[in-house]
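Peer 1: Take a look and give me a structure for this.
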Amino acid sequence: MTEIYDCTLREGEQADGASFNLEDRLRIVRLLDGLGVDYIEMGWPIARQDIMESFKQAGKLELKKAKIVAFGSTSISDAVSEDKNLNSIVESGARYACIFGKTSLSHIERQLKISAEDNLRKISESVEFLRSRGIEVFYDAEHFFDSYKDNPEYAIKTLEAAVKAGAVRIILCDTNGGTLPEEASNMTRQVKNSMNAEVGVHFHNDCGLALANSLACLPYVNQIQATVNGIGERVGNTDLCELLPNLVLKLGLKMDIKLEKLKELSEEVYKAANLPEQITQAFVSPRAFLHKGGVHIDATLKGASYEHINPEHLGLEHHLIFSSLGGAACIVNTAAKFGYAVDKRKEKDKITQLLGKLAELESKGYDLGNTEAEQEILIEKYFGNWRDFFSVVEWNILTEEKESECYVKCSVGSDNIEKTVRVSGGPVDAVYHAIISSVREKYDIELKIADYKVRIARARGAESTVRTKIEFSDGNKFEAFEAIGVNENVIASGIEAISKGLNYYIYKKLGKADSK
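Peer 2: Predicted coordinates:
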């Protein structure tokens, strides 16, 4: 049986820009346990106080399956019993430890500045010390694959030192990430055949081959180490979110893994680590089961697949993008989502007009493919009874370091309403409050800005247009939604998004029938 060892909370935090606080760590532990991984490496206890505290708090969790692992190195001190690094592992309370030691003679001589024999002694004594404290030890052989190429005899001696001292797993690490799959497979097989030990692998992704290497070594290993979303040192590690579906869905391994929980875990780790989602990530990225081309959409709607697996295996579904490239099939499918049975032949003219409008919006920098409110507005304009309940006629902004003031003139029904609002904040806040106070003269609105994002829509230097995407929420009474504005003026793009969002909210709140 293949064990899954997650090291996101240690290796993943070494990714540039990533950081986990105590709450993040505990939340991710719960999600990993719910997914069904075997081991969760929570970090190096000696590194920070909050990491040490996370071990204490994790001990109070009622985990269903996962075992908590503390990370560290072989002894830094000459006297193993006095080594702060090893003693921090004992203090953590973890029953499992993963310690790394040197395999590379170059690192031993230049970094540790000790002899090859002293390195073997450190490995043995460190493992023995932790075993004497009742801790199961996994031994990470740092730089193993590179070192095995240079000096296989000494590389094996380091593994033997760990096994003889009581290590229950020896983990072969591709620390530089430069090993090729055939090399990795051959060397792992040789180790497995020459030693009476359970073997694991830990691959970095510097050649884009971490997953391929892990799968190539699968026949010879008991454990694979990986990180959620592949985040880690430099360009990262084997991606747990790609590894598990390949093991279960492609190779047919019988594993107690709940793949439907993978997407939530992936999103939570990106959020906690403050890292952007990778759009090319297999299985869990927003684009993994997305179709934009008209031929693909038409085939999918007719039951023919352009997908290598059924996304339902992951608790997901395919997504058909609303764009000018999608053709009539795209329009028909999107309209159906909002309750309209559009006939391709009978409503050919409207479909053609809407595709033309989409092409026009896309050329300006609008990205409506995943924004349902924007999609519904367009569908309602062409096939329903959409109308704007208000519009911004004039506006003016005065903004300073700590305060902003906005004047707006809004046409609300048959009335022109003027408002001036001053806030302790930025111009967007002022614009929003000025507009919503005008609209409230006639409509009951309880809507707040939940998120506000601005990106370049079309790059033309100082004359670039910007795309503003605003997420709205009314406190769970109404499902959160997004609206988009595009303009060369960043404030104007925000005003468009705010106006569109409020109009959509009123339209949905009143109901389609009452909005005529």
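
Peer 1: in the stretch 151-300 of the chain, which segments are predicted with low confidence?
Peer 2: Filtered on pLDDT under 70, the stretch 151-300 of the chain yields the residue ranges 291-292, 294, 296-300.

Peer 1: That one: helices as residue ranges?
Peer 2: Secondary structure of the stretch 151-300 of the chain by DSSP state H, counting those that start in this stretch: the helices cover 152-164, 181-194, 210-216, 240-245, 262-273, 294-301.

Peer 1: what is the rounded mean pLDDT of the one helix or strand Val408 maps to?
Peer 2: Assessed by DSSP states H and E, Val408 sits inside strand 404-412. Along strand 404-412, the predicted local confidence has a mean pLDDT of 96.

Peer 1: CSV for the helices of the stretch 151-300 of the chain, including distance to Glu394?
Peer 2: C-beta here means a position set from N, CA and C on the backbone, and glycine is covered the same way. Putting the helices of the stretch 151-300 of the chain into CSV (distance: least, C-beta to C-beta, whole Å) gives the following:
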stretch, distance to Glu394
helix 152-164, 75
helix 181-194, 64
helix 210-216, 56
helix 240-245, 50
helix 262-273, 39
helix 294-301, 42
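
Peer 1: mind checking which of these is nearest Arg440?
Peer 2: Closest to Arg440 of the helices of the stretch 151-300 of the chain is helix 262-273 (C-beta to C-beta; 33.2 Å).

Peer 1: Outline the domain layout of this structure.
Peer 2: When the chain is parsed into structural domains using automatic domain parsing, the resulting residue ranges are 3-273, 290-374, 390-515.

Peer 1: now those as TSV including mean neighbour count and distance to Phe383?
Peer 2: Formatted as TSV, the domains of the chain follow (neighbours: other C-beta atoms under 10 Å; distance: least, C-beta to C-beta, whole Å):
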stretch	mean neighbour count	distance to Phe383
domain 3-273	20	32
domain 290-374	16	5
domain 390-515	17	11
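
Peer 1: so can I have TSV of the ones you listed showing distance to Glu380?
Peer 2: As requested, the domains of the chain are arranged in TSV below (distance: least, C-beta to C-beta, whole Å):
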stretch	distance to Glu380
domain 3-273	30
domain 290-374	7
domain 390-515	7
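
Peer 1: ok so, going back, which elements pack onto the helix or strand just after the strand holding Val408?
Peer 2: Secondary structure here is assigned by DSSP H and E; on that basis, the next helix or strand after strand 404-412 toward the C-terminus is strand 415-423. Contacts of strand 415-423 with other secondary structure elements, assessed using 3 or more C-beta pairs under 8 Å, 6 or more residues apart in numbering; DSSP states H and E, are made with strand 404-412, helix 427-439.

Peer 1: about what we covered before: which of the domains of the chain sits closest to Lys381?
Peer 2: Nearest of the domains of the chain (C-beta to C-beta): domain 290-374, 8.3 Å.

Peer 1: starting at the chain centroid, how far to the closest one?
Peer 2: Remark: domain 290-374 is offset 25 Å from the chain centroid, using C-alpha atoms, centre = their mean, to the nearest Å.

Peer 1: secondary structure element for the nearest residue to Ile89 once chain neighbours are set aside?
Peer 2: In space, Ile89 comes closest to Ala70 once its chain neighbours are excluded; the distance is 4.5 Å by C-beta to C-beta, 6 or more residues apart in numbering. Here Ala70, judged by DSSP H and E, is contained in strand 67-73.

Peer 1: Return the distance of that strand from the chain's centre.
Peer 2: Counting by C-alpha atoms, centre = their mean, strand 67-73 is centred 24 Å from the centre of its parent chain.

Peer 1: show me where the stretch 1-150 of the chain has strands.
Peer 2: For the stretch 1-150 of the chain, strands defined by DSSP state E, counting those that start in this stretch occupy the ranges 3-6, 39-43, 67-73, 96-102, 136-142.

Peer 1: Could you export those strands as JSON lines, including distance to Pro152 and mean pLDDT?
Peer 2: Conversion of the strands of the stretch 1-150 of the chain to JSON lines gives the following (distance: least, C-beta to C-beta, whole Å; pLDDT from 0 to 100):
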{"stretch": "strand 3-6", "distance to Pro152": "25", "mean pLDDT": "98"}
{"stretch": "strand 39-43", "distance to Pro152": "28", "mean pLDDT": "97"}
{"stretch": "strand 67-73", "distance to Pro152": "23", "mean pLDDT": "98"}
{"stretch": "strand 96-102", "distance to Pro152": "16", "mean pLDDT": "98"}
{"stretch": "strand 136-142", "distance to Pro152": "12", "mean pLDDT": "98"}
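
Peer 1: Quick one: closest of those strands to Glu347.
Peer 2: If we rank the strands of the stretch 1-150 of the chain by C-beta to C-beta, the stretch that ends up nearest is strand 3-6, at 51.3 Å.

Peer 1: re the thing from before, quick check: beta-bridge partners of the residue nearest to Ile89?
Peer 2: According to DSSP bridges, the residues that bridge with Ala70 are Gly43, Ala97.

Peer 1: Trp44 versus that one, what's the distance?
Peer 2: Computed as C-beta to C-beta, to the nearest Å, the Ala70 to Trp44 distance reads 8 Å.

Peer 1: okay, and the common contacts of these two?
Peer 2: Listed as contacting both Ala70 and Trp44 by C-beta atoms under 8 Å, 6 or more residues apart in numbering are Ser88.

Peer 1: Please report how far the residue nearest to Thr420 when sequence neighbours are not counted lies from Ser438.
Peer 2: Leaving aside its chain neighbours, Thr420 sits nearest to Tyr407 (4.7 Å; criterion: C-beta to C-beta, 6+ apart). Computed with C-beta to C-beta, the distance linking Tyr407 and Ser438 is 11 Å.

Peer 1: do the same with Gly177
Peer 2: As judged by C-beta to C-beta, Gly177 and Ser438 stand 57 Å apart.

Peer 1: ok, now which ones touch the residue nearest in space to the middle of the chain?
Peer 2: Of all residues in the chain, the one closest to the mean position by C-alpha atoms, centre = their mean is Tyr270, 3.5 Å from it. The contact partners of Tyr270, by C-beta under 8 Å, 6+ apart, come to Asn229, Pro276, Glu277.

Peer 1: The same query, at a cut-off of 7 Å, please.
Peer 2: Contacts for Tyr270 were tallied using C-beta atoms under 7 Å, 6 or more residues apart in numbering; they are Asn229, Glu277.

Peer 1: Make 5 the first number, not 1, from now on.
Peer 2: Taking 5 as the first residue, the last one we looked at is Tyr274.

Peer 1: returning to that earlier point: of the domains of the chain, which is nearest Tyr386?
Peer 2: Ranking the domains of the chain by their distance to Tyr386 (criterion: C-beta to C-beta) puts domain 294-378 first, at 4.8 Å.

Peer 1: Span of the closest one from start to end?
Peer 2: Distance between the two ends of domain 294-378: 18 Å, counting by C-alpha to C-alpha, to the nearest Å.

Peer 1: just stretch 9-21 next, same as before
Peer 2: Stretch 9-21 has an end-to-end distance of 23 Å (C-alpha to C-alpha).

Peer 1: what residues does it touch?
Peer 2: With contact meaning C-beta under 7 Å, 6+ apart, stretch 9-21 is reached by 22-24, 29, 32, 36, 41-48, 75, 204, 227-232, 235-237, 240-241, 244, 273, 277-279.

Peer 1: before we move on, what about stretch 87-103?
Peer 2: With C-beta under 7 Å, 6+ apart as the contact definition, stretch 87-103 has outside contacts at 43, 45, 49-50, 56, 59-60, 63, 71-81, 84, 130, 133-134, 137, 139-144.
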